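*Asks:* Next come a sequence and a model predicted from it.
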Amino acid sequence: MTETPNFQNYKKFPLSNSLSKNISDIKNVMSQSSDLLVNEIIVGQSSTHCAMLCLEGMVSTETIAKMILEPLMNLAESDVDGGDAIFGYIRDKMLMGIDRLVTPKLSDAVNRLMSGFAVILVDGVAGAFAYGVQGYNTRGVGEPSSEGNLRGSREGFVETVRSNMSMIRRRIKSPILKFDLFQVSKKSNNDVVMCYLTDRVPQSLADKIKRKLLHMDMDSVIESGYIEPFLNDTKLSVFSGVSVTERPDVFTAKLLEGKIGVLIDGTPYAVVVPFLFIENFQTMDDYANRPFYTTLIRWIRYFAFILAIFLPALYVAVINFHPELFNHTLLVTLAEAEEKSAFPLAVEAVIILIAFEIIREAGLRLPQSVGGAVSIIGGLIIGDTAVSAGIISNPILLVCAISVISGFLIPNLYQPVSVLRIIAVIAGGIAGLYGIALLGAVILINICSLESYGVPVTAPISPMTWRSLRDIITRIGMKKMVKGDVTVEGLNGANM
């Protein structure tokens, strides 16, 4: 019994010489979907049947009318006769579109249909033309919502991958910029684009990342977070070796550093690998401001990272185990404030930190018109009421608030910081400063042990690369920085 193509096995079938069979096979593969449009036409003196297929809502009717239908109608009145002659005439003498594919595969025809292409079939020829005439609705390019900068581009990535490719190409007008577009996932066949500069990225690294993307055991890729675990080389750590950005200018800067970017159709967030820990403290504004001010802000971010994790834990540890570190006046004031609290200090801190996360999550998930009100109600009314009721004390509320606000300075690290902050409070409440010191050592060892595609995450500090420190400890002037580019491949210890 002859096997019939369907949505499970269609990738192994070629196109047939019979137009009716090709149309029937495509309908079967697409489960007789009602949005599949089939338009047949008779061409030439021998009345050769041709057909144009497309998906309703995925194509531009105006573009199809001008680029496809009108040339086909003119062809119908010509003296070109026979299926092979018509197919050859379209292939060799009719452009009809810039984005064109000629294929003998059924899978290519079906996949192009679902990407907004118009497919032309000719009776008697085991092949198809696919023309890019996309016309589906897309979101216009707007300002990034998750990465704010005072200076620089106001453009942000959109959900359409080809629009994102154009934004990168406009910033790097060079033949060394390579886009490698392919499809991933089992069922949805999402378009994924790997972007890199061929003179700065080893081909072995590009091939390794492509293999990981192609071998993902997933039915669909809806968001960039779906592929991050497959690209992340760091194991058993709350810190990631993968970064995500919504800004084309940031994405371009990463490519110029010798990294590989991944664009996913359907999401405005792009993935960049490999990723260094120190990059969490860098922003685009750092390169638009004066070097002395950028250096100050960088060190404030480093200090904020420590405060965000350890400040509540230090307060709990010192009050419970090492009160002699406070002067007498401050110690008496804190003791009076904590005396009215009904819970141990560590429990208070955990309650406050969890309450902050609840308020933040509520503000994010609710509509914008309501989200701001939730933050105000949670911060003022609930906080003030909890203090008045004696559930928590004013000092621990202030300490936790400073810690949470400090975490906002490094948004890329907010998730690991939120988890480590609570763990630090528990460690400080159990073992005091010794517990905090032990946790700090564990975090430091964990970061130092991580690698992202052969590059230590702690580079260029460990192993030390002196040239790279000009943009780590300080930020030197742009005139000096442009002399001698530093790429990921050039970092000490790199083994691509």
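*Replies:* Noted; the coordinates are in hand. Numbers count the residues shown, from 1 in each chain.

*Asks:* Tell me which stretches of the stretch 251-400 of the chain form helices.
*Replies:* Ranges of helices within the stretch 251-400 of the chain are 291-321, 328-339, 345-365, 368-376, 383-388, 394-407, based on DSSP state H, counting those that start in this stretch.

*Asks:* Of these, which is nearest residue 64?
*Replies:* helix 368-376 (38.6 Å; Cβ to Cβ). (C-beta placed from N, C-alpha, C; glycine too.)

*Asks:* Please look at residue 13 and residue 108 and confirm they touch.
*Replies:* No: Residue 13 lies out of contact with residue 108 (Cβ atoms under 8 Å); the separation is 11.0 Å.

*Asks:* Can you list the low-confidence ranges for the stretch 1-150 of the chain?
*Replies:* 1-2 (pLDDT under 70).

*Asks:* Do you have the helices of it handy? List them.
*Replies:* Here the stretch 1-150 of the chain has its helices, by DSSP H, counting those that start in this stretch, at 19-29, 61-64, 70-76, 83-93, 106-113.

*Asks:* Using TSV, please lay out these together with distance to residue 388.
*Replies:* Shown next, in TSV, are the helices of the stretch 1-150 of the chain (distance: least, Cβ to Cβ, whole Å):
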stretch	distance to residue 388
helix 19-29	67
helix 61-64	65
helix 70-76	77
helix 83-93	80
helix 106-113	63
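
*Asks:* care to break the chain down by domain?
*Replies:* Per automatic domain parsing, the domain ranges recorded for the chain read 10-132, 161-286, 288-449.

*Asks:* Lowest average confidence across the helices of the stretch 251-400 of the chain, which one?
*Replies:* Ranked by mean pLDDT, those bottom out at helix 368-376, which scores a mean of 66.

*Asks:* How about the contacts made by residue 214?
*Replies:* 182, 184 (Cβ atoms under 8 Å, 6 or more residues apart in numbering).

*Asks:* How confident was the prediction at it?
*Replies:* pLDDT for residue 214: 90.

*Asks:* Look up how far residue 453 lies from it.
*Replies:* Distance of residue 214 to residue 453, given as Cβ to Cβ, to the nearest Å: 17 Å.

*Asks:* Can you lay out the domains of the chain as CSV showing distance to residue 152?
*Replies:* Output for those, formatted as CSV (distance: least, Cβ to Cβ, whole Å):
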stretch, distance to residue 152
domain 10-132, 32
domain 161-286, 5
domain 288-449, 6
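
*Asks:* Residue 462: which of those is closest?
*Replies:* Nearest to residue 462 among the domains of the chain is domain 288-449 (6.2 Å), distances taken as Cβ to Cβ.

*Asks:* quick revisit: looking at the domains of the chain, which is closest to residue 457?
*Replies:* Judged by Cβ to Cβ, the one of the domains of the chain that comes nearest to residue 457 is domain 161-286, at 4.8 Å.

*Asks:* distance between the ends of that closest one?
*Replies:* In domain 161-286, first residue to last residue: 28 Å (Cα to Cα, to the nearest Å).

*Asks:* Distance from the chain centre to that domain, please.
*Replies:* The chain centroid and the centroid of domain 161-286 are separated by 7 Å under Cα atoms, centre = their mean, to the nearest Å.

*Asks:* thinking residue 135 is in contact with residue 55, fair?
*Replies:* No: judged on Cβ under 8 Å, residue 135 makes no contact with residue 55 at a distance of 10.6 Å.

*Asks:* nearest residue to residue 480 other than its sequence neighbours?
*Replies:* If the residues on either side of it in the chain are set aside, residue 480 comes closest to residue 470, at 7.1 Å by Cβ to Cβ, 6 or more residues apart in numbering.

*Asks:* neighbours around that neighbour, how many?
*Replies:* 17 (other Cβ atoms under 10 Å).

*Asks:* gap between it and residue 462?
*Replies:* 17 Å.

*Asks:* orientation of the biggest helix by length in the chain relative to helix 394-407 in degrees?
*Replies:* In the chain, taking DSSP state H as the definition, the longest helix is helix 414-448. Going by axes from the mean of the first three to the mean of the last three Cα atoms, to 10 degrees, helix 414-448 is angled at 70 degrees with respect to helix 394-407.

*Asks:* same for helix 414-448, what does it pack against?
*Replies:* Judged by 3 or more Cβ pairs under 8 Å, 6 or more residues apart in numbering; DSSP states H and E, the packing partners of helix 414-448 are helix 291-321, helix 345-365, helix 394-407.

*Asks:* Point out the one among these that comes closest to residue 383.
*Replies:* Closest among the helices and strands packed on helix 414-448, using Cβ to Cβ: helix 394-407, at 6.2 Å.

*Asks:* Show me what the closest one is in contact with.
*Replies:* Here helix 394-407 makes contact (Cβ under 8 Å, 6+ apart) with 304-305, 307-309, 311-312, 315-316, 334, 337-338, 341, 345, 348-349, 352-353, 356, 383, 386-387, 413-414, 417-418, 421.

*Asks:* For the closest residue to residue 278 other than its chain neighbours, list the residues it contacts.
*Replies:* Spatial nearest neighbour of residue 278, chain neighbours left out: residue 472 (5.7 Å); criterion: Cβ to Cβ, 6+ apart. By Cβ under 8 Å, 6+ apart, residue 472 lies in contact with 278, 460-461.

*Asks:* Turn the helices and strands packed on helix 414-448 into JSON lines, columns for mean neighbour count and distance to residue 189.
*Replies:* Below are these laid out as JSON lines (neighbours: other Cβ atoms under 10 Å; distance: least, Cβ to Cβ, whole Å):
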{"stretch": "helix 291-321", "mean neighbour count": "19", "distance to residue 189": "41"}
{"stretch": "helix 345-365", "mean neighbour count": "18", "distance to residue 189": "31"}
{"stretch": "helix 394-407", "mean neighbour count": "20", "distance to residue 189": "39"}
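
*Asks:* pLDDT (mean, whole number) over the longest helix of the chain?
*Replies:* 94.

*Asks:* could you check the angle helix 345-365 makes with that helix?
*Replies:* Between helix 414-448 and helix 345-365, the angle comes out at 120 degrees (the same axes, to 10 degrees).

*Asks:* What residues of helix 414-448 count as buried?
*Replies:* In terms of neighbour count (16 or more other Cβ atoms under 10 Å), helix 414-448 has its buried residues at 416-418, 420-429, 432-433, 435-436, 439-440, 443, 447.

*Asks:* Kindly report the same for stretch 37-54.
*Replies:* Buried positions in stretch 37-54, judged by neighbour count with 16+ other Cβ under 10 Å: 37, 43-44, 48-54.

*Asks:* distance between that stretch and the chain's centre?
*Replies:* Distance of stretch 37-54 from its chain centroid, counting by Cα atoms, centre = their mean, is 43 Å.

*Asks:* Give me the residues contacting it.
*Replies:* Stretch 37-54 has contacts (Cβ under 8 Å, 6+ apart) with 19, 22-23, 26-27, 36, 55-56, 64, 68-69, 72-73, 75-76, 78-83, 85-86, 109, 113, 117-124, 133.
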